[in-house]
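**Q** I need the structure of the sequence given here:
(2 chains)
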Amino acid sequence: MYKYDNYDQAMVETRVAEFRDQTRRRLEGKLSEEQFRPLRLMNGLYLQLHAYMLRVAIPYGTLNSAQMHALADTAEKYDRGYGHFTTRQNIQYNWIKLEEAPDLLADLAEVEMHAIQTSGNCIRNISSDHFAGAAEDELIDPRPYAELLRQWSSFHPEFSFLPRKFKIAVIASETDRAAMKLHDIGIQIVKSDSGEIGARFYVGGGMGRTPMIAPPIRDFVPLDQLISYSEACLRVYNRYGRRDNKYKARIKILVHELGADEYKRQVEEEFAHMLEQGVEPPLAELERIKPYFADPSFETGLPTEIDRSDPDFALWVDTNTNPHKAPGYVSAVISLKPVGGIPGDASTEQMHLMAELSKEYSFDESRVTHTQNIVLPHVKIADLYALWTKLDAAGLGSPNLDTIEDIIACPGLDYCSLANARSIPLAQQISKRFAASGKTKELGELKLKISGCINACGHHHAGHIGILGVDKKGVENYQLLLGGSEAQDTSLAKITGRGFDEAGIISAVETVTDIYLDKREEGERFLDTYRRIGMDPFKEALYGE
Amino acid sequence: MANDVSETDFGTSPDDVQFRFRDDEVADHAQVTVDSFLEQSNAAAVRIEPGDDARALVPHLERLRLVEVNFPAFGDGRGYSSARVLREAGYEGELRAVGDIGIDQLAYLRRCGFDAFAPDSKLDEADAETAFARWENVYQHAADTRQPIPERRHASVGHE
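**A** Numbers count the residues shown, from 1 in each chain, chains lettered A, B, ... in the order given. Here you go, the predicted structure:
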């Protein structure tokens, strides 16, 4: 994986010094809270309901064991012994003291980590495919391009006060595991007919109040123009994105209001101009970055068969591993969704263990998934049983990847000052209900996503089943949505009808899954059945209409 | 905002400039709005508001001595693009950032081509000096001549 050189290290250390200085000026009263707010936000520090929350960047979701250990130490030293992995492959801590934040960041800088641009109206941490460099279906490892974009976007002087936050995802596979088309810019690395590698740009996707799927803006950007094209996309947005209304300020609204063709025309004009400006980093830089993501030294001649005599282990293998490009290896997913647990949370001890296991079994590397789980990307099939045994003993062996128990949930009203309703208790109850009824396995792939407010941090628009918490005259109320997807078949979920109370929404989820079990045809997932039969049978079962 | 003031007391005066990175004499011309500038042929100074199109000035850069870019609220970053657009078009006169400017915007503004700063409230000199000098290196091209890190890494193999 990528390793900082002296330049990268100095940039992060400078940022720590700058933030320490900003914090000092705030504590001395030289900065008002209003003035300090955007500065701390640009460094991932939010003021939540009970305390400061700090979001630490995990670029393209890739970590080594020293970094995972450092995240565990951070949880122990500065928080309450746990951290929360997020839907943008980052981690956040919920109980941070402002005066300690500079020291925390200095500790993280020692393992090449930071909180730069994990919040604020700037270009956020770049996300990517959590199976990058391992999946058998990928064209090429997308992370070198993400790293090039990381550097370009760090402390970008023109784009640090954008109309709104700006999220970029990079993938290099037809299978989309990063919700790429639901980003401000989604980049797919592709191969042209003539065999040249380049980037396809989708611009103007997003969730939030007004979910939109990004339209393709350019089919092919040559690799030596990647930054120039990105710069053009951002400049058009910075100049013309709406600033009169926070809720209409994302680039999706600009692209929607201009129309994709007109936005594209403006970008092309700016792009032509940018090419004359010479803003592109030398192609040699991309070549310098690439070897950091070279394959580890995979062994050959490994066994590909496993002993399936332990049924619990066999179930975990079937559910939580993904095919690997190297024979004899798989990617193993550690579920952070234990039944009744808080989705995405990991304790200090669990993080230390995951770090050790990544070192022992996965070439010192782990990944964070946007579905709030952890991947060990390169595990020998022959090691799976030993790995699973250790995970299971630590409460990390839940065999529920991509099932109804593998819920994405935002922090909700338990932590977040924006939330209208709690998300976490709902996720806990739903996973318990389905684990108890034993239907989880029968239901197969079923992506359930819960947001505690309309801002959609829990991706409810993209859930096969989505739940949106709203405030109804001071009482938490939950709307049910069906039919979303954030994979390559991206679609936006639709609301079923009137909302439910807490007990009602859990029953409603059970009702719609029963309809699926009743109506499904051979090989259909919940989403496929919904797409085939439409909303009506579900509505009828829910509301008797 | 621009409509509230008369043409005569429009914009900042040399006395308002707290930081300046130019050797020439401080430009002291009456600023006009972009619309007025485009209508009259003799103005040498103009003030850009966030919604103005800086590119409209490009055909007239030769007669400009001062371009003032207003930041009514520091979170509105359109002025950063305005500045870079002008520098990319070859404007070499004074580019003055005015308005709601704090210590933590200075380095970014400087990189986008601003070489004079007239903040609404005077800034702490020592804090400002630290801020201007903070970043020894940068990751990307902007309106300054600094060589970005990705180029510096390869400088020995033919990129300068």
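**Q** CA atoms for contacts and neighbours, from now on please.
**A** Noted.
**Q** quick check: residues of chain B near chain A?
**A** Residues of chain B lying close to chain A (CA under 8 Å from any CA of the partner chain) are B:75-78, B:80-81, B:84, B:88, B:104, B:107-109, B:111-112, B:134-135, B:137-142, B:149-151, B:153-154.
**Q** helices and strands around the lowest-mean-pLDDT helix or strand in chain A, which ones?
**A** Ranked by mean pLDDT, DSSP states H and E, the helix or strand of chain A with the weakest confidence is helix A:33-41, at a mean of 87. Applying 3 or more CA pairs under 8 Å, 6 or more residues apart in numbering or on different chains; DSSP states H and E, one finds that helix A:33-41 contacts helix A:6-27.
**Q** wait, does the helix it packs on contact chain B?
**A** Yes. Counting by CA under 8 Å from any CA, contacts between helix A:6-27 and chain B involve A:7, A:11, A:14, A:18.
**Q** please put the alpha-carbon coordinates of that helix into CSV.
**A** Taking C-alpha atoms only, helix A:6-27 is exported to CSV below (Å, rounded to 0.1, in the frame of the first residue of the first chain):
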residue,chain,number,x,y,z
ASN,A,6,9.2,13.1,3.3
TYR,A,7,6.9,15.5,1.4
ASP,A,8,3.7,13.7,2.4
GLN,A,9,4.9,13.4,6.0
ALA,A,10,5.7,17.1,6.2
MET,A,11,2.3,18.0,4.8
VAL,A,12,0.5,16.1,7.5
GLU,A,13,2.7,17.4,10.2
THR,A,14,2.2,20.9,9.0
ARG,A,15,-1.5,20.4,9.1
VAL,A,16,-1.2,19.2,12.8
ALA,A,17,0.7,22.4,13.6
GLU,A,18,-1.9,24.5,11.8
PHE,A,19,-4.7,22.8,13.6
ARG,A,20,-3.0,23.2,16.9
ASP,A,21,-2.6,26.9,16.2
GLN,A,22,-6.3,27.2,15.2
THR,A,23,-7.3,25.4,18.4
ARG,A,24,-5.1,27.7,20.5
ARG,A,25,-6.7,30.8,18.9
ARG,A,26,-10.2,29.4,19.5
LEU,A,27,-9.4,28.6,23.2
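**Q** other SSEs contacting it?
**A** In terms of contacts (3+ CA pairs under 8 Å, 6+ apart), helix A:6-27 is packed against helix A:33-41, helix A:101-109.
**Q** picking that back up, what comes into contact with the least confident helix or strand of chain A?
**A** A:19, A:22, A:26, A:46, A:117-120, B:104 (CA atoms under 8 Å, 6 or more residues apart in numbering or on different chains).
**Q** who in the stretch 201-350 of chain A is up against chain B?
**A** A:235, A:238-239, A:243, A:277, A:279-282, A:284-285.
**Q** how far out from the middle of the chain is the least confident helix or strand of chain A?
**A** A distance of 25 Å separates the centroid of the chain from that of helix A:33-41, by CA atoms, centre = their mean, to the nearest Å.
**Q** any idea of the mean pLDDT in stretch B:107-116?
**A** Averaging pLDDT along stretch B:107-116 gives 98.
**Q** which residues touch it?
**A** Stretch B:107-116 has contacts (CA under 8 Å, 6+ apart) with A:156-158, B:17-22, B:80-81, B:83-84, B:87, B:94-97, B:131-135, B:142-144.
**Q** now, of the residues of the stretch 201-350 of chain A next to chain B, which are buried?
**A** A:235, A:238-239, A:243, A:279-282, A:284-285 (16 or more other CA atoms under 10 Å in any protein chain shown).
**Q** secondary structure element for the residue nearest to the spatial centre of chain B?
**A** A centroid search over chain B (CA atoms, centre = their mean) returns B:Phe114, at 3.1 Å, as the residue closest to the centre. Following DSSP states H and E, one finds B:Phe114 outside all helices and strands.
**Q** residues in contact with A:Phe538?
**A** A:496, A:511-512, A:515.
**Q** neighbour-wise, which of these leads?
**A** A:Val512 (21 neighbours; other CA atoms under 10 Å in any protein chain shown).
**Q** is it correct that that residue falls within a helix?
**A** Yes. A:Val512: assigned to a helix according to DSSP: H, G, I helix; E, B strand; the rest coil.
**Q** separation between it and A:His84?
**A** A:Val512 sits 30 Å away from A:His84, going by CA to CA, to the nearest Å.
**Q** so where's chain A uncertain?
**A** Chain A contains residues with pLDDT under 70 at A:545.
**Q** what does chain B give?
**A** Applying pLDDT under 70 to chain B picks out residues B:1-9, B:156-160.
**Q** strands of that one, start to end?
**A** Along chain B, counting by DSSP state E, strands occupy B:19-20, B:32-33, B:45-48, B:66-71, B:94-99, B:116-119.
**Q** any chance of the ones you listed in a markdown table, plus distance to A:Lys248 and mean neighbour count?
**A** Formatted as a markdown table, those follow (distance: least, CA to CA, whole Å; neighbours: other CA atoms under 10 Å in any protein chain shown):
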| stretch | distance to A:Lys248 | mean neighbour count |
| --- | --- | --- |
| strand B:19-20 | 36 | 17 |
| strand B:32-33 | 28 | 22 |
| strand B:45-48 | 24 | 25 |
| strand B:66-71 | 21 | 26 |
| strand B:94-99 | 25 | 25 |
| strand B:116-119 | 29 | 23 |
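**Q** nearest to A:Ile171, out of those?
**A** Nearest to A:Ile171 among the strands of chain B is strand B:66-71 (37.3 Å), distances taken as CA to CA.
**Q** now the closest one and strand B:94-99, what's the angle there?
**A** Angle, strand B:66-71 to strand B:94-99, by axes from the mean of the first three to the mean of the last three CA atoms, to 10 degrees: 20 degrees.
**Q** helices and strands around strand B:66-71, which ones?
**A** Packing partners of strand B:66-71 (3+ CA pairs under 8 Å, 6+ apart): strand B:45-48, helix B:78-88, strand B:94-99.
**Q** which residues sit against that strand?
**A** B:11, B:27, B:29, B:31, B:44-50, B:77, B:79, B:82-83, B:93-101.
**Q** please redo it, this time with the cut-off set to 7 Å
**A** Outside strand B:66-71, the residues that touch it by CA atoms under 7 Å, 6 or more residues apart in numbering or on different chains are B:27, B:44-50, B:79, B:93-100.
**Q** same question, stretch A:119-126
**A** Applying CA under 7 Å, 6+ apart, the external contacts of stretch A:119-126 come out as A:38, A:41-44, A:57, A:59-60, A:117-118, A:146, A:150, A:153, A:159-169.
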